[in-house]
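[1] fold the following, please.
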Amino acid sequence: MKISKKFMLIVLTCILLVLLMFLISQVYAKYITSVSGNASITISRWNIKVNDLSIKNNSDISSKIVPVFPGNDNIASNIIAPTAEGYFDLVFDFTDVDVSFKYDINITADDSSAVSDIVATGYSIDGGNKVTFTDFNSPISDTIKLSDNVNSRTIRVYVMWNDDPDTSSMNNIDDTASTLKSDSSAILKVSIGFTQVAE
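    I've put the predicted structure just below:
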């Protein structure tokens, strides 16, 4: 049997076409692959403590604010009377904080206080010199930058029963009336706000 040249030419052309298609498909082949995954990023910590109490889940630190009134020759210690001076400490622990933040402290006589003339006169930071307020109860503010590598701060707030007739709102009769009830207390309202800053 003799294979015709024409048949051979067709077979050879088909083989060449198949080879040519294979080569072209190799030249124009694209690698296609897809992958997916999750990027796990640690969330910054925001756990500030005031006088050893975390503010994360507590909004009332009344039990942790302990006023100290040293007393003098005319006024017993740890009580308040007109002209008595004392202080309380706010110890901030921000070891578990990963961002810069600002704090704002506001101090006023509480509405339920028997003494409306209990005032903040100034403050000191970490045992430093007292900063005296030009006006009673001025706000105390500062920014703690993460780059400062500071983990704590102690703020001592100085308070007194203001008995100056030019600046007090109570007179001697009011002062005396504040002691008549057995459950009378001089109460300061201390509000502390912490806000993240992006400086």
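[2] how about M170, nearest residue that isn't a chain neighbour?
    Once flanking residues are discounted, M170 sits nearest to D117: 4.9 Å by CB to CB, 6 or more residues apart in numbering. Glycine gets a C-beta too; all of them are placed from N, C-alpha and C.
[3] what of D96?
    N47 (3.8 Å).
[4] kindly report the same for S185.
    Using CB to CB, 6+ apart and skipping the chain neighbours, the partner closest in space to S185 is A114 (6.0 Å).
[5] what's around that neighbour, how many residues?
    The tally of other residues near A114 (other CB atoms under 10 Å) stands at 21.
[6] now V99
    The burial metric for V99, expressed as a neighbour count using other CB under 10 Å, is 14.
[7] what is the longest strand seen in the chain packed up against?
    When the chain is parsed with DSSP state E, its longest strand is strand 85-97. Strand 85-97 is packed against strand 46-50, strand 101-109, strand 152-161, strand 188-196, with contacts defined by 3 or more CB pairs under 8 Å, 6 or more residues apart in numbering; DSSP states H and E.
[8] including mean neighbour count and distance to N72, could these go into CSV?
    Formatted as CSV, those follow (neighbours: other CB atoms under 10 Å; distance: least, CB to CB, whole Å):
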stretch, mean neighbour count, distance to N72
strand 46-50, 18, 29
strand 101-109, 18, 22
strand 152-161, 19, 12
strand 188-196, 14, 20
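[9] using TSV, lay out these together with mean pLDDT.
    What follows is the helices and strands packed on strand 85-97, written out as TSV (pLDDT from 0 to 100):
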stretch	mean pLDDT
strand 46-50	91
strand 101-109	93
strand 152-161	95
strand 188-196	92
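[10] domain assignment for this protein?
    As recorded under automatic domain parsing, the domains making up the chain are 1-31, 46-196.
[11] just those domains: most buried one?
    Mean neighbour count, computed with mean count of other CB atoms under 10 Å, is highest for domain 46-196 among the domains of the chain, reaching a mean of 15.
[12] before we move on, the earlier item: contact partners for the residue nearest to D96?
    Shown here is N47, whose contacts under the criterion CB atoms under 8 Å, 6 or more residues apart in numbering are 54, 56, 96-97.
[13] and which of these is nearest to N171?
    Of all the contacts of N47, S54 has the smallest distance to N171: 43.0 Å, by CB to CB.
[14] got the contact list for that closest one?
    Contacts here follow CB under 8 Å, 6+ apart; on that basis S54 touches 47-48.
[15] for it, give its distance to S113.
    Distance check for S54 against S113: by CB to CB, to the nearest Å, it reads 27 Å.
[16] equivalent analysis for K189, please.
    When distances are taken as CB to CB, K189 and S113 turn out to be 8 Å apart.
[17] ok, F94 next?
    Relative to S113, F94 is positioned 30 Å away (criterion: CB to CB).
[18] mind exporting the helix with the most length in the chain as PDB, just the C-alpha atoms?
    The longest helix of the chain (DSSP state H) is helix 5-27. The C-alpha coordinates for helix 5-27 follow below in PDB (Å, rounded to 0.1, in the frame of the first residue of the first chain):
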ATOM      1  CA  LYS A   5       1.800  12.300  -0.900                       C
ATOM      2  CA  LYS A   6      -1.300  14.300  -0.400                       C
ATOM      3  CA  PHE A   7      -2.400  12.200   2.600                       C
ATOM      4  CA  MET A   8       1.100  12.500   4.100                       C
ATOM      5  CA  LEU A   9       1.100  16.200   3.600                       C
ATOM      6  CA  ILE A  10      -2.300  16.500   5.400                       C
ATOM      7  CA  VAL A  11      -1.100  14.300   8.300                       C
ATOM      8  CA  LEU A  12       2.200  16.200   8.500                       C
ATOM      9  CA  THR A  13       0.300  19.600   8.400                       C
ATOM     10  CA  CYS A  14      -2.000  18.400  11.200                       C
ATOM     11  CA  ILE A  15       0.900  17.300  13.300                       C
ATOM     12  CA  LEU A  16       2.600  20.600  12.700                       C
ATOM     13  CA  LEU A  17      -0.600  22.500  13.600                       C
ATOM     14  CA  VAL A  18      -0.900  20.600  16.800                       C
ATOM     15  CA  LEU A  19       2.800  21.300  17.700                       C
ATOM     16  CA  LEU A  20       2.400  24.900  16.700                       C
ATOM     17  CA  MET A  21      -0.700  25.300  19.000                       C
ATOM     18  CA  PHE A  22       1.200  23.600  21.800                       C
ATOM     19  CA  LEU A  23       4.100  25.900  21.400                       C
ATOM     20  CA  ILE A  24       1.900  29.000  21.200                       C
ATOM     21  CA  SER A  25      -0.100  28.000  24.200                       C
ATOM     22  CA  GLN A  26       3.200  27.600  26.200                       C
ATOM     23  CA  VAL A  27       4.400  31.000  25.100                       C
END
